[in-house]
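**Student:** pasting a predicted model and its sequence here:
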Amino acid sequence: MENQSGIEQSSTSNWLLEHVIFILVKYRVKVELRKGYLTVDGLGRFEGELLGYETGASGELVFTTSPSGYIKSITDPSYRGQILVFSFPYIGAYEIDETGESKMPQVRGVVVNNVPASLREELSDYLKVHRIPGIEFSGTREVIDFLRINGNRIGAIGDANAAGNPYEFNLVNEVVGERYTLGNHSGNRILLVDLGVKGNIINFLKNYQITVIPYTEFGRININDFDGIIVSNGPGDPSHPGLEGFRKKLGEEIGRKPLLGICLGHQLIALSLGMRTQKMKFGHRSINHPVRDTRNGKIGITTHNHGFAVVFENNGSAEERFISLNDGSNEGIMGDNFLTVQFHPEGGPGPMDELGIFEEFRRMVNHG
Amino acid sequence: MGELPKKVLLIGSGPIMIGQSAEFDYSGNQAIKALLSEGVEVVVVNSNPATIQTDKIDGVIPVMAPLNVENLREIIAKERPDAILGTFGGQTGLNLVTELWKTGILDEMEVRVLGTPPESIEISEDRLKFKERIDELGEPVIDSRYCSTVQEAVQYAKQSGLPMVIRPSFTLGGSGGGIARDINELRSIVERGLELSKVNGVLLEKSVIGWNELEVEVVRDSRGNKIAVCTMENVDPMGVHTGDSVVVTPFLTLNDMNFQKIRRSALKIAEGIGIIGACNVQFAFNNDTGEYYVIEVNPRLSRSSALASKATGYPIARVAALIALGKNLDEIENNVTGERNSAREPAIDYVVVKSPVWPIEKFQDADFRLGTQMKSTGEVMSIGKSLSQAFRKMLRSTGVLYRKETFNESLLEIPNPSRMLQIYMASMRGYTVEKISKLTGWNTLFVDELIRAFGTEQEENGFSIVDTCAGEFDVKTPYYYGSSQGKKIGGDVLVIGSGPITIGQGIEFDYSCVHASKVLRKMGEKVVMLNDNPETVSTDFDESDYLVFDPVDFSTVSNIIRNSEIKTVIPWFGGQRPINILNELKRTFGDAIRIPGTDIEVVDVLEDREKFARLMNEMKIPYPKFTYSTKKDLHETAKKIGFPVIVRPSYTISGSHMAILKGEEDLEEFLGFQGRFVEQFLVEKYLEDSQEAEIDAVSDGYEVFIPGIIEHVEEAGIHSGDSTSIFPAINIHNHTQETMKEYTRMICKRLKIKGPLNIQFAVKNDTVYIIEINPRSSRTFPFISKITGINLAEMATEVLVTGKIPPINSSSNMTGVKFPIFPFDKITNSDVILGPEMKSTGEVIGIGTNLKEALMKGYQAAGFDISKEGVIITIPGSRRNEFLGIMKMISNAGKVIYSTSGTYDYLKQYGINSIKIKKIYEGSLNSLDILKQGNIAAVLNILSDNYRSESDGKTMRRACYDKKVLYLGTKTQAAVFADVLTKNRN
């Protein structure tokens, strides 16, 4: 089900440096625990033990309640610009050799409550190799309570300032890779528009002949060369001006070829259809969210990772296909030759109750 | 959604026994609350008096009756329910609802089965159909074969290879199952399994011993929506019954891919079988290769579902009951968060550990190697921010932290109750984590964290919460566990619960705690409930204002006192466990905390035998003579008091390590056993052949409410918890009863007893002796309450609050009989003789308008069929005259008597016909053969003092327990039995 495919990262130039650090880390004499701080804008400072890379970092503080797949979470490109707080306190109880969603950690920092003593070093070294700072302290629940009540805030690990707004930047540009192809050469031809695609999405598309392109190349593609289009997940604000050109082009192509949008892809399609998106209070980032399929009333448990949501508008362009049972927010739309989902049918981490999405897309492609 | 039923019959699970404990009172009770909230009336049938579900409340019709098809048919005919729920009463409930359905009774009486349909139940219960269905679903299932003869089994094993696991169909807690490593073992396990299986079949399957054992709790509604409520990883690998395994929640050693693989399979199976409600799916998982097998599905509420509910805050039984009524997951409110959404899978921000507790102290010569036969009586649940924190709490709750043992490497390899302590001792001796992991089969993570737990004390300061969502949503009614940087909670009164179910510390105490909480809340107090037992009603989220799920010990109580607003502590309802921390509580907190009720000094007087004796002397109340003695002087002391004597270490729960010694020989044997651990003994005169009785009462220091006298059928010397008890007493003279009541009043006034109490008496030659006084709620409180309709725990709580006994306006003319239920069929190699050590795990009640009716129901409820034709009698020569009358009555009642030679001749002499059989050691056809033929109502076996008789007696008792035949080992037991037969004929 899983392999190392993932996507090509642009940061290969750091290969040598990483190896040097890895060797240093692996053969060093054990150092003392390092004390340090997590600063939460509006809440205060927490003292803890630092993990990973010895540098400060700031970013938007977000949390996930998933007890499994911590490596998948850390490597999920959708977490770009964010410091990830794990609700589950006992992170890292199994070894770090789990297949990631991309080749390296994407978060700006990691906040954990309690790493099992026997695996602490392993996790810390892993973060260090990838130059990600982390902090371990027992008050994570207080931070989560604060975020739930007050909404996402900026946080900082170590000596960084808890300031700035990561959404000023087009975070997608930090994670998109280069163009490449893979999959089954006799299968249907699928164009996968990369905005920070997760490895597990690609795993579910193996029967297709897939061409992965960075979103910036979308305008130069002749979509008649393809049997279907998938717009991937990715980080950041879907209404960011840097994505304007892509949204416009996307709007022109909707309906021409079978189209599937996942997460950020879903949001961008909705924007192209004239709907709007809004920043959520503290977002959805867990693996236990029930969504209802409005066509048959059935409920599926799904993985979420989004801080923005589509405000569904019945403007005749689409029907509301999925809604969140937690807060009633939109979780997917469908219309003429397109289907979009806000959640992650591929899990990674999390359940794959709604794998029917990929099947539905396949039927669209076959009939298309 | 179908039409809502008007009246639902809910089947309870009967007595507490190994494999079927208090979790079903919890599940049933939660289901009842759900049904009532929808306006549905509930008829509850159960034979266990110590259950909250059988309380008389608005909308509930409790029927205390033996659980069998005939009774249920009668109850259905009388109450005319239009629907039935069998999935809340454990395996007993499930079997009964299946039987009622198969026999067509349900159709005939127009009762529909709610929840998972019988067809689906059959698929999951019948191994063959199960395997077929799982195969169809494309899920992996272990190669296995269903065998109905030993020969067939041997042949299959030879062709497929050993070791093999043997599971009998339709039994509780894996009764009669086992793992066979060679053909001889296979033969004996299969033989036993075939005997125990209701359908005469056993399943043989390839062994996956050593694999990781995983469980998933699934809830599915009739629309096909389903969620995995909780994942559980067994610390002990496959081969140990999950009821006997240490378990952690959630899965810890699985990466996400494997986690999702197992979750997905569980949901697929729930779908494929057609579960409507809750089920538990068990897997064997290979951590190295990622392979897995589906082991079994329990299509009902279970021990695991109770644990999963308590571990996550998600009330599975409540949701399952509402699903049974036709609701869907998105239509059911989540009580903890207050949203109308039970479709979200719970998320937790802590680690949970469950550990079983085993009755090792009670069965010292028994075989406690753990396998597929469950042997634990109860369990504790611990919550921590890390595994080692949760382990540490678990070690406190189970008492393993304080246990002392000698190191023995072989105890690492064989699964057994000592293993956790042995792991720690091994690490202290320099064993590496890897080596211990190899020896135990435990994952290195578990070994490492357990060792840390032993070595690290943890400061708790305040509480963290269980909220079903790990902080993602706002909460309305969470519950709490102690943590290092916790928050403060509110509350006025702390009720200390009773902890895990062990022999002697049973569910009866939880019953009292729940009622204390109810009364206190009714009176406007905010109640903090402390308990660490996930099987209980008291740990249901809505039975108190602040539930604290932590070890029942001083350290937790101290955390509660320092970090809540309580000013009052009530220790009187949780049995002995809370009483044990009273002194420390008083020393530490003094007057800062109020403990309403009896003075703590009085508790001390009553528990200290010397102070007790002084008091009895002053009050001129007779008590059995006793003295303290060192190990060295024990011979001397015993002689001085005069054999027989009762010997025990002081301060013990329900007779731990007590023994009755009849002479020097017994004394030697006792010393050989106990002398290793104990230096100081209490030696007490044993009142041989005396009548035992007890009083449960409530006192306010002036007035004393005495509902009556409980008469013990067995003579003094057999632990009161193991006695067959009659209430109100019938065979005790009125003036004797008056003396007991008078003593009770005298004591209550003199000691200013306020609240509940229990006094045990022995009567010999018309003299009433007081054996002991317990100034707390007793094991028999629920029993008395069910017969009289007066709830003693409630009354005692009112006294604690108001200082006065409330007016009583209830009178009952019912008679009740309590029969103990023993675990001898589960704990092999144990002698089944009764004595001052309590051995029963639970009880059943028979209630009737007269003793005969009550006894009949009691026998039935305990599983004895006394309508069968034969009675086997063996009585030594010296005692035959005493039994002549009884034997005549048995014969006159139309029973066929089978007697051994001496008894046979004696009966012949008096014109009583009987069939002569041999004693066991004389060859066949002997009493054991006759017993096995199966038409025996009872065995009357009085032992003589020779070795062969003892050994025969032991074999016979064991056989009786295995065959569920009534064993009469004392004259009173025999007399009661003869009496019932006689009256029954008229």
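**Tutor:** Great, that's in hand.
**Student:** separation between the closest residue to chain B within the stretch 1-150 of chain A and A:N203?
**Tutor:** With Cβ to the nearest Cβ as the measure, the residue in the stretch 1-150 of chain A that lies nearest chain B is A:G69; the distance is 3.0 Å. Using the backbone N, CA and C atoms, a C-beta is placed for each residue, glycine as well. Between A:G69 and A:N203 the distance is 14 Å, computed by Cβ to Cβ, to the nearest Å.
**Student:** please apply the same query to B:I747.
**Tutor:** If you measure B:I747 against A:N203 using Cβ to Cβ, the figure is 76 Å.
**Student:** try A:N233
**Tutor:** Taking Cβ to Cβ as the measure, A:N233 and A:N203 are separated by 14 Å.
**Student:** when those two are compared, which one has more neighbours?
**Tutor:** The neighbour comparison of A:N233 against A:N203 (other Cβ atoms under 10 Å in any protein chain shown) goes to A:N233, with 29 against 16.
**Student:** leaving out chain neighbours, which residue sits closest to the more buried one?
**Tutor:** Closest residue in space to A:N233, ignoring its immediate chain neighbours: A:C263 at 3.6 Å, by Cβ to Cβ, 6 or more residues apart in numbering or on different chains.
**Student:** cool, B:F446 as well?
**Tutor:** Among residues not flanking B:F446 along the chain, B:V235 sits closest, at 4.9 Å (Cβ to Cβ, 6+ apart).
**Student:** the one you found reaches B:V246, doesn't it?
**Tutor:** Yes: at 4.0 Å, B:V235 and B:V246 qualify as touching, with contact defined as Cβ atoms under 8 Å.
**Student:** report the set of residues contacting both of the two.
**Tutor:** B:F446 (Cβ atoms under 8 Å, 6 or more residues apart in numbering or on different chains).
**Student:** now the end-to-end length of stretch B:476-485.
**Tutor:** For stretch B:476-485, the separation between the terminal residues is 21 Å (Cα to Cα, to the nearest Å).
**Student:** residues of that stretch that come out buried?
**Tutor:** Residues of stretch B:476-485 classed as buried by neighbour count (16 or more other Cβ atoms under 10 Å in any protein chain shown): B:P478, B:Y479, B:Y480, B:Y481, B:G482, B:S483.
**Student:** return the member of those nearest to chain A.
**Tutor:** Here the nearest of the buried residues of stretch B:476-485 to chain A, counting by Cβ to the nearest Cβ, is B:S483; it sits at 7.7 Å.
**Student:** and that closest one, what does it touch?
**Tutor:** For B:S483, the set of contacting residues under the criterion of Cβ under 8 Å, 6+ apart consists of A:S138, B:G384, B:K385, B:Q389, B:E460, B:N461, B:G462, B:F463, B:S464.
**Student:** ok, back up a step: and the nearest residue in space to the residue of the stretch 1-150 of chain A closest to chain B that is not next to it in sequence, helix, strand or coil?
**Tutor:** If you skip the residues right next to it in sequence, A:G69 has A:P349 as its closest partner in space, 2.2 Å away by Cβ to Cβ, 6+ apart. Reducing the assignment to helix, strand or coil with DSSP: H, G, I helix; E, B strand; the rest coil, the entry for A:P349 is coil.
**Student:** what's the pLDDT at A:P349?
**Tutor:** On pLDDT, A:P349 comes in at 96.
**Student:** pull the contacting residues for it.
**Tutor:** Residues in contact with A:P349, defined by Cβ under 8 Å, 6+ apart, are A:S66, A:S68, A:G69, A:Y70, A:K72, A:S73, A:I287, A:T303, B:D256, B:F259, B:Q260.
**Student:** what's the answer for B:N71, then?
**Tutor:** Under the criterion of Cβ under 8 Å, 6+ apart, the contact list for B:N71 reads B:V45, B:A65, B:Q860.
**Student:** and whatever helix or strand it lives in, C-alpha only, in CSV?
**Tutor:** When elements are defined using DSSP states H and E, B:N71 is found to belong to helix B:69-79. As requested, the backbone C-alpha atoms of helix B:69-79 are provided in CSV (Å, rounded to 0.1, in the frame of the first residue of the first chain):
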residue,chain,number,x,y,z
VAL,B,69,-35.3,-20.4,29.2
GLU,B,70,-38.3,-21.6,31.3
ASN,B,71,-38.2,-18.7,33.7
LEU,B,72,-37.8,-16.2,30.9
ARG,B,73,-40.8,-17.7,29.1
GLU,B,74,-42.8,-17.3,32.2
ILE,B,75,-41.7,-13.8,32.7
ILE,B,76,-42.4,-12.9,29.1
ALA,B,77,-45.9,-14.4,29.4
LYS,B,78,-46.5,-12.4,32.6
GLU,B,79,-44.9,-9.0,31.6
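**Student:** average pLDDT across that helix?
**Tutor:** Helix B:69-79 shows a mean pLDDT of 96 in the predicted model.
**Student:** domains in the chain, by residue range?
**Tutor:** Reading this off chain A. Here the domain parsing of chain A from automatic domain parsing is A:10-168, A:172-367.
**Student:** wait, chain B
**Tutor:** If the domains of chain B are taken from automatic domain parsing, they occupy B:7-114, B:143-206, B:212-390, B:489-589, B:625-685, B:864-985, with pieces of a single domain joined by a plus sign.
**Student:** nearest to A:E178, out of the ones you listed?
**Tutor:** Taking Cβ to Cβ as the criterion, A:E178 comes closest to domain B:212-390 out of the domains of chain B, the separation being 27.2 Å.
**Student:** one step back: for B:V235 and B:V246, work out which one has more neighbours and name it.
**Tutor:** B:V235 (29 against 22).
**Student:** how close does A:A318 sit to B:S342?
**Tutor:** 30 Å.
**Student:** what parts of the stretch 301-450 of chain B come near chain A?
**Tutor:** Among all residues of the stretch 301-450 of chain B, those adjacent to chain A (criterion: Cβ under 8 Å from any Cβ of the partner chain) are B:329-330, B:339, B:341, B:343-351, B:385-388, B:433, B:444-445, B:448-449.
**Student:** take those residues and keep only those in strands.
**Tutor:** Residues of these located in strands (DSSP state E): B:V351.
**Student:** do you know how far the closest residue in space to B:K868 that isn't next to it in sequence is from chain A?
**Tutor:** For B:K868, ignoring the flanking residues on the chain, the nearest one in space by Cβ to Cβ, 6+ apart is B:A937 at 4.1 Å. When distance is defined by Cβ to the nearest Cβ, to the nearest Å, B:A937 is 55 Å away from chain A.
**Student:** same check, this time on B:L114
**Tutor:** Following Cβ to the nearest Cβ, the distance that separates B:L114 from chain A is 21 Å.
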